[in-house]
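J.: Any chance you can model this:
(one chain, ligands or ions: 2)
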Amino acid sequence: MTEGEIRVVVSGATGKMGREVIRTMVAETGLRLVGAVASRAREDAGVAAGMEPLGIPVSANLRETLVSAEPDVLVDFTTPDAVERHVQEALELGVRPVVGTSGVTREQVQRWDGLCRERGVGGIVAPNFAVGAVLMMRFVREAARYLHHVEIIEMHHDGKLDAPSGTAVKTAEELVEAGLDLSSGRPDERELFPGARGAAIGGVRVHSVRLPGLVAHQEVILGGPGQILTVRHDSLDRVSFMPGVVLAVRGVMGYVGMMYGLEQLLG
Ligand SMILES: NC(=O)C1=CN([C@@H]2O[C@H](COP(=O)(O)OP(=O)(O)OC[C@H]3O[C@@H](n4cnc5c(N)ncnc54)[C@H](OP(=O)(O)O)[C@@H]3O)[C@@H](O)[C@H]2O)C=CC1
Ligand SMILES: O=C(O)C1=N[C@H](C(=O)O)C[C@H](O)C1
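T.: Ligands and ions are numbered 1, 2, ... in the order given. Model prediction:
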């Protein structure tokens, strides 16, 4: 072990994000990949990620991996069903969770914040690790102060399990928290087919598109009399998330509690 290195276990190591995270952890100076977990065991995490063998097997047992590998940080890109147990097990062992998995609720973040504080460690839940997506949310908050009618269209690959996306939920929540009246459409409108007007998050309409060919995209459309402002972000490749993941892995070493969103680490 090299002095000062941050030891990282990746759960969801065989997935689209996990494979990218494995490649990043191996390439990044000062971070050391020490374990990999998925729902099914595989011979080698490097091979699963399309690299040379790393001598690190993919395990199906998170707890065993955390106990034997003694990481500082667990990076989780799995499923909304698996993430609760993963964070609990990490925190029981004093391992800092970096959570990218979507479908995490505010109630979970609050509870995990309490567990982080009991353990004296940091953690983060980031609905989107792409810097551009964080900026999109920031610009939308600013724009909604002036244009009060907002709808969100999020577009993702057709392998995505959850809808709406975590990014769309956070975008809508932030607008609602700003205390703005963001209604759109008539109060007496009728959906002729259920879902035609999308999901309503605190009054903000969110529409989800799932198609092959897409990666991760979001448009926020703000309307005012005689004008439209569209703020759009596109993740065209999953490398877009990696600088944010690295920032989070380094960042959680320096505070106590569970952060929600990458923006505080960006400054
Ligand atoms: N915050 C962000 O910036 C981003 C978040 N995401 C989110 O990350 C998550 C993963 O996305 P993606 O990589 O596309 O998904 P994939 O379906 O490609 O990968 C899922 C991974 O999770 C593993 N897994 C599933 N269930 C379990 C379990 N019970 N225990 C351990 N591992 C499990 C799978 O293992 P196996 O192969 O063995 O089945 C696989 O390695 C999603 O929630 C997605 O929304 C995605 C992109 C960016
Ligand atoms: O599943 C994905 O791919 C993504 N999920 C996250 C979300 O739900 O917002 C982040 C990004 O949009 C990619």
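J.: Wasn't M258 part of a strand?
T.: Yes. The assignment for M258 is a strand, going by DSSP: H, G, I helix; E, B strand; the rest coil.
J.: Against T78, how distant is it?
T.: Distance of M258 to T78, given as CB to CB, to the nearest Å: 17 Å. C-beta here means a position set from N, CA and C on the backbone, and glycine is covered the same way.
J.: and those two? which has more neighbours close in?
T.: Using other CB atoms under 10 Å, the more surrounded residue of M258 and T78 is M258, with 26 against 23.
J.: can you pull up the bridge partners for the more buried one?
T.: M258 forms beta bridges with G123, as assigned by DSSP bridges.
J.: who touches it in this structure?
T.: Taking CB atoms under 8 Å, 6 or more residues apart in numbering, we find M258 in contact with 97, 109, 112-113, 115-116, 122-125.
J.: cutoff 10 Å now
T.: Listed by CB atoms under 10 Å, 6 or more residues apart in numbering, the contact partners of M258 are 87, 91, 96-97, 99, 108-117, 121-125, 252.
J.: cool, and R40?
T.: For R40, the contact set (CB under 10 Å, 6+ apart) comprises 14, 58-60.
J.: Which residue ranges of the stretch 1-150 of the chain form strands?
T.: Applying DSSP state E, counting those that start in this stretch to the stretch 1-150 of the chain gives strands spanning 6-11, 31-37, 58-59, 73-76, 96-99, 122-125, 149-156.
J.: Output those strands in CSV, with mean neighbour count appended to each entry.
T.: Listed next are the strands of the stretch 1-150 of the chain as CSV, based on neighbours: other CB atoms under 10 Å:
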stretch, mean neighbour count
strand 6-11, 26
strand 31-37, 24
strand 58-59, 24
strand 73-76, 28
strand 96-99, 28
strand 122-125, 27
strand 149-156, 22
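J.: For H217, find the nearest of these.
T.: Among the strands of the stretch 1-150 of the chain, strand 149-156 comes nearest to H217, with 4.2 Å by CB to CB.
J.: Give me the helices and strands touching that closest one, please.
T.: When contacts are defined as 3 or more CB pairs under 10 Å, 6 or more residues apart in numbering; DSSP states H and E, strand 149-156 sits against helix 131-144, helix 166-177, strand 204-210, strand 216-224, strand 227-235.
J.: Which stretch among the strands of the stretch 1-150 of the chain approaches E263 most closely?
T.: Among those, strand 122-125 comes nearest to E263, with 10.8 Å by CB to CB.
J.: Find the closest residue to ligand 1 in the stretch 1-150 of the chain.
T.: G15 (2.0 Å; CB to the nearest ligand atom).
J.: Report the spatially closest residue to that residue, excluding sequence-adjacent ones.
T.: Residue nearest to G15 in three dimensions, not counting chain neighbours: F77, with 5.9 Å by CB to CB, 6 or more residues apart in numbering.
J.: I'd say that neighbour and P97 touch.
T.: No. F77 is beyond contact range of P97, at 11.6 Å (criterion: CB atoms under 10 Å).
J.: Per the annotation, how does this structure divide into domains?
T.: Structural domains annotated on the chain: 6-125+239-266, 131-236, as defined by automatic domain parsing.
J.: now, of those, which is deepest in the fold?
T.: Comparing these by mean neighbour count (mean count of other CB atoms under 10 Å), domain 6-125+239-266 ranks first with a mean of 20.
J.: That one vs ligand 2: in contact?
T.: Yes. Judged by CB under 6 Å from any ligand atom, domain 6-125+239-266 comes into contact with ligand 2 at S102.
J.: how far does that domain stretch from start to finish?
T.: 20 Å (CA to CA, to the nearest Å).
J.: sorry, back to before: just send the domains of the chain back as a markdown table, with mean pLDDT too.
T.: Output for the domains of the chain, formatted as a markdown table (pLDDT from 0 to 100):
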| stretch | mean pLDDT |
| --- | --- |
| domain 6-125+239-266 | 97 |
| domain 131-236 | 94 |
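J.: Determine the residues that are contacts of both of F77 and P97.
T.: In contact with both F77 and P97: 11, 83, using CB under 10 Å, 6+ apart.
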